[in-house]
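**Q** Task: produce atomic coordinates for the following.
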Amino acid sequence: MISEPTYLAAKMVSSALEDHFAQQILPGEKTKRNPLAPDQFVIEGIIDSAFWASLRHEEGYVPKISLAFLPPTVGEDNLIFSDNQRLTPHNLVKLSPAVIRPGVHLGIWKDDDNLFIWGTTHRVPASCFVLEVIEAGLLIVKQKNIDIGAKFINIAMLRGNQIKLVDEKQWGLFNDRPDILTALLGFPVSPEQGENANILVEFALAMRRHGRGALMLIVPNHHDLWLKSIVQPISYQFDPPYSVIPDTLESDDSTLTNGYQGRLRRSIDSIAGFTAVDGATVVTRNHRLLAFGAKVARMDGRKPVKQILYSEPTTGGKRELRSIGDLGGTRHLAAAQFAYDQHDALAMVASQDGYFTVFAWSDELEIVHAHRIDMLLM
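**A** Numbering: from 1, shown residues only. Purely as a prediction, here's the structure:
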């Protein structure tokens, strides 16, 4: 029998998650209900076990685990145990070193009223319930994004007694979403938008990883108006600009390490290193690195930004006016001023404490809009 959860947040969120995954049907499927949708008791059992596992240490390490609810017959590259293991905090902690690498999940399924671990899987369907243990007491419910890259779509965050549910329907009504937010919420995008958004997502993830704080400015491809918002001279500028996108691959350049994805990953990781330097890293919309360590200044004739529109794409969240001083320090002020002065640019700020905000000018509302998206990047 699935035990009654002792982690209260599991009970509080299970009904909403059951409804969400019940509606996840892949294109071409004829069934009216998602065959992989867990009921609320299954959801409660998985979250409860993962939460208590996250509070235990194995040889001094906090377990980081990804769990996927699907049978052994679904998925790809499955490794199946000869004997199923009960889903318990103890077994999750013991198995956590085996699934610490990105893209590897412990497979969870049910037998009558019992939940068990059947092995590991590397690829899951978009309709599959995935739960990731990020750190002690922090869990993220996810599903695969069928449109872009490897970044999963985040559905809910549970941090102790704090619960946040992503509300993609409400935020889908607004027209001033930057491409990175559109992609992270799982809305359909064109192939070109998908590639561009995926690279921005990878930049954002890399900026958060080094934990030193960062400011990246995304500027138009074909004019230099952005320079009017930068203190001159710029200490670190590239001539010619460095292309993040790898050149056309040669016929012998098809290995995992030297192929397109491998080279793109190295480029993004290299630029992430530049973002750790004090000042702003400047990249064009077609992903050419122009400079780093740049100092943002208010453009001549422009007023200082005092208020911005703030939003976080969660259930119950509202777009509200805030003082820029309430949002953060000098990086946030510089990003807001740059977005105000350069309407066709984007500014992304990673805080040292893990918060991540995208600043963009809203033509619809004629104000700088600060989109808080760190919950979607976990």
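**Q** Might you report the residue contacts of V99?
**A** Residues near V99 by C-beta atoms under 8 Å, 6 or more residues apart in numbering: I65, S66, H105, L106, T120. C-beta here means a position set from N, CA and C on the backbone, and glycine is covered the same way.
**Q** wait, isn't the second one in contact with E132?
**A** Yes. S66 is within contact range of E132, at 4.6 Å (criterion: C-beta atoms under 8 Å).
**Q** The two: which is more packed in?
**A** Neighbours per residue (other C-beta atoms under 10 Å) separate S66 from E132, with S66 holding more: 25 against 21.
**Q** looking at this structure, which residue ends up farthest from its center?
**A** G301 (36.8 Å; C-alpha atoms, centre = their mean).
**Q** any idea how far S229 is from it?
**A** 12 Å (C-beta to C-beta, to the nearest Å).
**Q** Let me know the secondary structure of the residue farthest from the centre of the chain.
**A** coil (DSSP: H, G, I helix; E, B strand; the rest coil).
**Q** And for R322?
**A** Classified using three-state DSSP, R322 is strand.
**Q** Use 5 as the first number for this chain going forward.
**A** Okay, using 5 as the starting number, the last item reads as R326.
**Q** Show the average pLDDT along the lengthiest helix in the chain.
**A** Ranked by residue count under DSSP state H, the longest helix found in the chain is helix 195-213. The average pLDDT for helix 195-213 rounds to 80.
**Q** And stretch 168-178, by the same measure?
**A** The model assigns stretch 168-178 a mean pLDDT of 71.
**Q** Over to stretch 287-303?
**A** 94.
**Q** Report the distance from it to the chain centre.
**A** 23 Å (C-alpha atoms, centre = their mean, to the nearest Å).
**Q** what sits up against that stretch?
**A** By C-beta under 8 Å, 6+ apart, stretch 287-303 touches 200, 203, 207, 219-225, 232-235, 238-242, 245-249, 275, 278-279, 281-286, 308, 338-339, 341-342, 345-346.
**Q** Send me that stretch as PDB with only the CA atoms.
**A** Taking Å, rounded to 0.1, in the frame of the first residue of the first chain, the C-alpha atoms of stretch 287-303 are listed here in PDB:
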ATOM      1  CA  VAL A 287      26.100  39.200 -27.400                       C
ATOM      2  CA  THR A 288      24.200  39.900 -30.600                       C
ATOM      3  CA  ARG A 289      20.800  38.300 -31.300                       C
ATOM      4  CA  ASN A 290      22.500  36.000 -33.800                       C
ATOM      5  CA  HIS A 291      24.900  34.900 -31.000                       C
ATOM      6  CA  ARG A 292      28.100  36.800 -31.700                       C
ATOM      7  CA  LEU A 293      30.200  37.800 -28.700                       C
ATOM      8  CA  LEU A 294      31.100  41.500 -28.900                       C
ATOM      9  CA  ALA A 295      32.600  42.300 -25.500                       C
ATOM     10  CA  PHE A 296      32.700  41.600 -21.800                       C
ATOM     11  CA  GLY A 297      33.400  43.600 -18.700                       C
ATOM     12  CA  ALA A 298      31.400  46.500 -20.200                       C
ATOM     13  CA  LYS A 299      30.000  49.200 -17.800                       C
ATOM     14  CA  VAL A 300      26.400  50.200 -18.400                       C
ATOM     15  CA  ALA A 301      25.600  53.900 -18.300                       C
ATOM     16  CA  ARG A 302      22.400  55.900 -18.800                       C
ATOM     17  CA  MET A 303      22.000  57.100 -22.400                       C
END
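**Q** Which positions within that stretch qualify as buried?
**A** Using 16 or more other C-beta atoms under 10 Å as the test for burial, stretch 287-303 gives 287-289, 291-298, 300, 302-303.
**Q** among those, which are in strands?
**A** V287, T288, R292, L293, L294, A295, F296, G297, A298 (DSSP state E).
**Q** and which of those is nearest to G332?
**A** Using C-beta to C-beta, A298 comes nearest to G332 of those, at 18.5 Å.
**Q** Specify the beta-bridge partners of that closest one.
**A** A284 (DSSP bridges).
**Q** isn't there a helix covering H24?
**A** Yes. With three-state DSSP as the criterion, H24 is part of a helix.
**Q** and it, what is it in contact with?
**A** I159.
**Q** Helix or strand for the nearest residue to I51 once chain neighbours are set aside, just tell me which one.
**A** Residue nearest to I51 in three dimensions, not counting chain neighbours: A14, with 3.9 Å by C-beta to C-beta, 6 or more residues apart in numbering. Applying DSSP states H and E as the criterion places A14 in helix 12-26.
**Q** Give me the buried positions along that helix.
**A** A13, A14, K15, V17, S18, A20, L21, E22, H24, F25.
**Q** Also stretch 68-77?
**A** Using 16+ other C-beta under 10 Å as the test for burial, stretch 68-77 gives K68, I69, S70, L71, A72, F73, L74.
**Q** Point out the least confident one among those residues.
**A** K68 (89).
**Q** Give me the three-state assignment for that one.
**A** Under three-state DSSP, K68 falls in the coil class.
**Q** S100 is in contact with that one, correct?
**A** Yes. In this structure, K68 is within contact of S100 by C-beta under 8 Å, at 6.5 Å.
**Q** how about low-confidence regions in the stretch 105-254 of the chain?
**A** By pLDDT under 70, the weakly predicted segments of the stretch 105-254 of the chain are 151-154, 173-180, 190-199, 251-254.
**Q** all helices of it, in order?
**A** For the stretch 105-254 of the chain, applying DSSP state H, counting those that start in this stretch gives helices covering 172-175, 183-188, 195-213.
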